[in-house]
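>>> Provide a 3D model corresponding to the input given below.
(one chain, ligands or ions: 1)
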Amino acid sequence: MTPDQYLKNYIDGKLVPPQSGQYLDNVNPATAEIYSYLPDSEAADIESAVVAAEKAFPGWSKTSLQERSRLLSRISEIIGQNLTAFAEAESIDAGKPVSMATTIDIPRAQENFKFFATAILHFSSEAHHMVGQAINFTLRQPIGIVGCISPWNLPLYLFTWKIAPALAAGNCVVAKPSEVTPMTAYMLSKACIEAGLPAGVLNIVHGLGPKAGQPIIEHPKIKAISFTGGTETGRRIAAVAAPMFKKLSLELGGKNPNIIFADCDFEEMMKVTLRSSFANSGQICLCGSRILVERSIYDKFKAELVKRTESLVVGNPAADETDLGALVSQAHLEKVSAYIRLAKEEGGTILCGGERVPMTGDFKNGYFLRPTVVEGLSYDCRVNQEEIFGPVVTIMPFDTEEEALSYANSTRYGLSATVWTKDITRVNRMSEKLEAGVIWINCWLLRDLRTPFGGVKNSGVGREGGLEALRFFTAPKNICMKY
Ligand code: TXE
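Modelled structure (predicted):
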């Protein structure tokens with residue numbers, strides 16, 4: 001399962017070059033050097049993928065659940081057997097620590113296939129009896145050809161989170177990974193070939209959003225779109241797909257509050273808050289980037305957060321001791337750095353971080369940024385309202401539960417929220433009133449794959465996870481039989 005220098009599309013069961021013969025540079029963010037090339041695909045490549053998917057659909061949709069389950073399990077096994085190769089490739093492509101890719105990204109990609117390989121065996125439909133008159137039963141049929149588009153922050157993890165349920169439910173898939181991190185999706189193509197997945201069932205096309213992603217959205221034969229990425233991209237996708245009456249699942253940005261009450265388990269909260277602030281350099285849509293702290297423990301919290309943040313090791317993604325690797329791209333480094341400048345303009349104080357890390361040798365041009373803590377900003381300034389998606393958190397004191405809630409709910413986003421408290425009645429009050437699709441109490445990123453996942457407000461529409469995903473990727477058909 002080796003990474004290659006020239007990546008290929010996976011269409012109709014084969015690895016093929018882009019029809020135009022054009023390639024894009026793939027940069028290693030830790031060294032800022034081009035290390036491989038990915039297909040610069042366009043509408044013609046998407047068309048070939050759709051033709052292949054259309055040809056494969058009659059067979060795949062009628063394949064027994066047991067056989068679909070066996071094939072998905074086999075893909076999961078192959079990912080597991082190649083864990084190290086996948087993890088190293090993910091680290092080079094995304095700049096993230098190998099330790100993170102080895103313990104989180106790749107095991108989760110493996111788990112996604114395993115989970116939906118078994119979930120489909122337990123997915124059932126309802127019957128509704130009209131006493132003395134009729135019986136209704138509901139078929140849950142695959143939709144047909146579906147499009148899956150994923151981002152760069154958790155490349156294989158999020159790509160497979162969409163593909164696995166789509167395939168399990170009997171659909172054929174045209175998928176596009178992010179052009180910023182294409183390598184593990186390419187390696188997944190090889191895993192699918194090794195597993196014996198029938199040709200055309202899954203097609204992976206590489207390339208830019210507007211050039212290779214947009215034709216997926218626009219294609220009349222692609223009936224559903226599952227997308228994770230930026231809110232503005234989601235808006236553009238909805239504008240095209242909604243008038244075509246496509247089914248849409250959009251997982252978009254977040255600006256999540258981490259609300260800390262004085263009665264919490266301080267040590268546990270500190271340990272987890274460090275992770276929820278800076279895991280994957282803050283490039284996770286679930287990171288808690290706005291930290292709201294009850295005033296009585298604010299000074300103690302601030303001192304402790306700054307001390308622990310300064311002790312984080314930023315550097316070589318391959319080294320065991322590294323906590324934060326490089327940001328994913330130069331463009332993203334510039335975006336995050338611009339928000340740090342804005343924080344100062346808006347009256348904030350940088351308590352630690354705020355600059356690039358001076359590196360030497362191979363890494364001297366890499367996109368390394370020190371984890372940054374900012375205080376003194378108002379809850380409604382741009383830095384506290386817009387998604388930064390980097391290793392930057394703001395801290396703010398609050399006096400009452402109502403005040404914390406109003407700050408927490410003040411953004412246009414509503415993905416997740418974390419609350420730290422031992423007071424169970426407060427937990428219930430807060431959980432009911434927080435405007436978010438995912439709430440963590442005294443924990444963060446603790447995920448059961450059966451639970452619904454997604455946001456409210458501008459964080460998206462639809463839910464992924466467990467049966468929600470299988471429902472999204474199937475169309476219910478009610479059959480009413482009179483006695
Ligand atoms: O994402 P894009 P970008 C946020 C984060 C980040 C910002 C922009 O704040 O700074 O979004 O990141 C494909 N039709 N998140 O620009 O563009 C694209 O090729 C079809 C949050 O990198 O949304 C890629 O495969 N597809 C986030 C995918 O969409 C299109 C994760 C995501 O890219 C397309 C990433 C089009 N017109 C960024 N344009 C999260 N919620 O986890 C782009 N794409």
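
>>> quick one: pLDDT of residue 67?
As predicted, residue 67 sits at a pLDDT of 98.

>>> So it: helix, strand or coil?
helix (DSSP: H, G, I helix; E, B strand; the rest coil).

>>> For residue 237, give its distance to residue 147.
Separation of residue 237 from residue 147 (CB to CB, to the nearest Å) stands at 10 Å. Any C-beta I mention is one placed from the backbone N, CA and C, and that applies to glycine too.

>>> Same check on residue 275?
For residue 275, the distance to residue 147 - CB to CB - is 33 Å.

>>> who's more crowded, those two?
Neighbour count, other CB atoms under 10 Å: between residue 275 and residue 147, residue 147 has more, with 30 against 15.

>>> Return the residues in contact with that one.
Going by CB atoms under 8 Å, 6 or more residues apart in numbering, residue 147 touches 173, 174, 175, 176, 216, 217, 219, 222, 224, 225, 226.

>>> what about 7 Å?
174, 216, 217, 222, 225 (CB atoms under 7 Å, 6 or more residues apart in numbering).

>>> Name the nearest of those relative to the ligand.
residue 217 (5.1 Å; CB to the nearest ligand atom).

>>> Let me know the secondary structure of that closest one.
Under three-state DSSP, residue 217 comes out as helix.

>>> quick one: contacts for it?
With CB under 7 Å, 6+ apart, residue 217 has these contacts: 147, 225, 237, 240, 241.

>>> For the fourth one, which non-adjacent residue is closest in space?
Once flanking residues are discounted, residue 240 sits nearest to residue 217: 4.9 Å by CB to CB, 6 or more residues apart in numbering.

>>> ok, now the second one?
Sequence neighbours aside, residue 147 is the residue nearest to residue 225 in space, at 4.7 Å (criterion: CB to CB, 6+ apart).

>>> that's a helix at the one you found, yeah?
No. Per three-state DSSP, residue 147 lies outside any helix segment and is strand.

>>> Now tabulate the contacts of residue 147 in a markdown table and tack on pLDDT.
Below are the contacts of residue 147 laid out as a markdown table (pLDDT from 0 to 100):
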| residue | pLDDT |
| --- | --- |
| 174 | 99 |
| 216 | 98 |
| 217 | 98 |
| 222 | 98 |
| 225 | 98 |
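
>>> ok, which residues in the stretch 251-400 of the chain are in contact with the ligand?
251, 252, 253, 285, 335, 387, 389 (CB under 6 Å from any ligand atom).

>>> which of those residues lies closest to residue 475?
residue 251 (20.9 Å; CB to CB).

>>> you'd agree that closest one is up against residue 226?
No. Using CB atoms under 7 Å as the test, residue 251 is too far from residue 226 to be in contact (8.2 Å).

>>> on that earlier part again, filter the residues of the stretch 251-400 of the chain next to the ligand down to just the ones in strands.
If you go by DSSP state E, those have residue 251 in strands.

>>> By neighbour count, sort out the buried ones in the residues of the stretch 251-400 of the chain next to the ligand.
The neighbour-count test (16 or more other CB atoms under 10 Å) marks 251, 252, 253, 285, 387, 389 as buried among these.

>>> Now pLDDT too, for those residues, in a markdown table please.
Below are those laid out as a markdown table (pLDDT from 0 to 100):
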| residue | pLDDT |
| --- | --- |
| 251 | 97 |
| 252 | 97 |
| 253 | 95 |
| 285 | 97 |
| 387 | 98 |
| 389 | 98 |
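
>>> In TSV, list those residues along with distance to residue 349.
What follows is those, written out as TSV (distance: CB to CB, whole Å):
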residue	distance to residue 349
251	33
252	30
253	26
285	27
387	22
389	22
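
>>> if we take those residues, which one ends up nearest to residue 24?
Closest to residue 24, out of all of those and judged by CB to CB, is residue 389, at 22.0 Å.

>>> and the nearest residue to that closest one once chain neighbours are set aside, what does it touch?
Leaving out its chain neighbours, the residue that sits closest to residue 389 by CB to CB, 6+ apart is residue 283, at 5.6 Å. Residue 283 makes contact with 153, 328, 389, 390, according to CB under 7 Å, 6+ apart.

>>> same thing but at 10 Å, please
If you count contacts by CB atoms under 10 Å, 6 or more residues apart in numbering, residue 283 has them with 94-96, 151-154, 324, 327-328, 332, 336, 388-391.

>>> Report the two of the residues you listed separated the most.
Farthest pair in the contacts of residue 283, by CB to CB: 151 and 324, 18.8 Å.
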